[in-house]
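A.B. asks: prediction below, plus the sequence it came from.
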Amino acid sequence: MVLSTIVTVLALPPAAGGADTVYELPLPAGSTHSTVRAMNNAGDVVGHAFGDDGTGRLVRWGADGSLTLLQGAGGGSGGSAAGMAEDGTVAGSADTPDGVRHPARWDASGRLTRLEEPSGFVEGEVLDVNDARVAVGHLSTGSAVFPARWGADGRAVLLRLPARATGGTATAINGTGEVTGHVSLPGDRTRAVLWDRTGRVHDLGSLGGAYAEPSDINDRGTVVGLATDADGTWKAAQAPRGGRLKALPSQEAGARGVHLGGSDVVVGNVKDRSLRWSGGTAVELRWVAGSGPTSVRGVNDAGTSIGTSGAYAVTWDAQGKPAALPVPAGAGRGEPVAINGAGVVAGNAAEPGTWPVRWRAVVWR
């Protein structure tokens with residue numbers, strides 16, 4: 001039996017290429033707040049809806065404003081979404097009532113499919129999915145974690161490990177089926193790798209430190225992520241197709257949250273600054289006048305970045321100039337989470353000064 005509920009609550013206008021009007025996404029009955037996790041280029045959004053008791057349900061909002069509750073696993077309601085394909089398929093993890101997390105996928109109607117966990121594996125998690133509904137992540141035996149890929153048929157394939165590797169995880173997949181992630185090495189070290197379409201594993205190197213952990217790969221085969229240098233400092237790093245990781249220029253210590261666009265534009269946070277890298281040049285993403293520090297959260301294929309400047313939700317152009325996004329009446333802060341190719345932004349808005357924060361899922365068009 002499918003436990004999803006589909007309701008059309010409001011009609012959102014089609015994307016017009018500008019994010020200048022904000023729309024609150026509807027809540028299912030019994031929920032009081034919500035958050036966004038991901039969005040696809042069609043404008044579909046996936047996230048969570050929560051009740052006053054903190055209990056959450058996975059929710060898919062269609063680009064037309066329709067609301068779908070995603071089916072729980074084994075009577076449970078918990079789970080997380082890692083991403084969404086263009087046809088509205090959501091991939092992530094479903095939590096069974098015993099608290100164990102399992103790799104999962106939901107179709108556009110909200111129907112749950114548990115992805116394969118081969119014999120010997122007791123749990124797993126999907127971290128990314130492409131438009132062919134191929135998902136990647138990891139499977140666990142309870143004592144070790146191994147990188148995995150699930151085909152559109154839901155069958156699992158364990159990804160190859162290089163010599164001396166004891167496990168790992170696949171963090172991202174591109175539209176052509178190339179996968180990136182990291183493997184674990186003796187001595188509590190990680191190494192960045194790429195799995196090509198034939199399943200061969202390629203070493204992407206390191207910055208000389210103990211850790212190298214890619215977070216994204218685009219259709220050009222460019223990989224980005226974080227790695228430590230010989231001093232143990234975390235840096236934003238990039239590897240071109242066929243190349244090895246190199247630190248991006250003009251950054252201090254303390255890189256975090258690195259994101260990649262389809263045109264090889266990279267954005268990330270370094271100490272108390274947000275930077276945009278393109279063609280070997282770094283541009284600082286500027287504050288909105290009178291606001292606080294910035295935090296960049298993503299970039300689309302056109303090179304438009306999203307994030308926050310103090311309490312403002314903002315977009316930045318290629319020169320790092322910010323544009324504040326509106327928030328609903330009564331809200332005093334915004335937090336973009338995703339931007340698609342049409343420039344539609346999805347994220348959250350909240351009343352000022354409230355604790356705990358009660359976000360509401362919104363889209364800017």
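C.D. replies: Yes, it's here. Numbering: from 1, shown residues only.

A.B. asks: which SS class is Glu213?
C.D. replies: strand (DSSP: H, G, I helix; E, B strand; the rest coil).

A.B. asks: ok, what's across the strand from it?
C.D. replies: Bridge pairing for Glu213 (DSSP bridges) gives the partners Leu226.

A.B. asks: what's the local residue count around it?
C.D. replies: For Glu213, the count of nearby residues is 20 (other CB atoms under 10 Å). Placement of C-beta: from N, CA and C, glycine included.

A.B. asks: could you measure from it over to Val296?
C.D. replies: 19 Å (CB to CB, to the nearest Å).

A.B. asks: ok, Arg220 next?
C.D. replies: Taking CB to CB, one finds Arg220 at 21 Å from Val296.

A.B. asks: out of these two, which sits in the busier spot?
C.D. replies: Higher neighbour count among Arg220 and Val296: Val296, with 25 against 15, using other CB under 10 Å.

A.B. asks: was I right to think that one contacts Ala313?
C.D. replies: No - with contacts counted by CB atoms under 8 Å, Val296 stays clear of Ala313, the gap being 11.9 Å.

A.B. asks: strands of the stretch 101-250 of the chain, start to end?
C.D. replies: Residue ranges of the strands in the stretch 101-250 of the chain, as given by DSSP state E, counting those that start in this stretch, are 101-106, 112-114, 123-129, 135-140, 145-150, 156-158, 167-173, 179-185, 189-195, 201-205, 208-217, 223-229, 234-239, 246-247.

A.B. asks: got those strands as JSON lines, with distance to Gly56 columns?
C.D. replies: Formatted as JSON lines, those follow (distance: least, CB to CB, whole Å):
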{"stretch": "strand 101-106", "distance to Gly56": "14"}
{"stretch": "strand 112-114", "distance to Gly56": "16"}
{"stretch": "strand 123-129", "distance to Gly56": "17"}
{"stretch": "strand 135-140", "distance to Gly56": "20"}
{"stretch": "strand 145-150", "distance to Gly56": "24"}
{"stretch": "strand 156-158", "distance to Gly56": "27"}
{"stretch": "strand 167-173", "distance to Gly56": "24"}
{"stretch": "strand 179-185", "distance to Gly56": "27"}
{"stretch": "strand 189-195", "distance to Gly56": "30"}
{"stretch": "strand 201-205", "distance to Gly56": "36"}
{"stretch": "strand 208-217", "distance to Gly56": "24"}
{"stretch": "strand 223-229", "distance to Gly56": "28"}
{"stretch": "strand 234-239", "distance to Gly56": "31"}
{"stretch": "strand 246-247", "distance to Gly56": "38"}
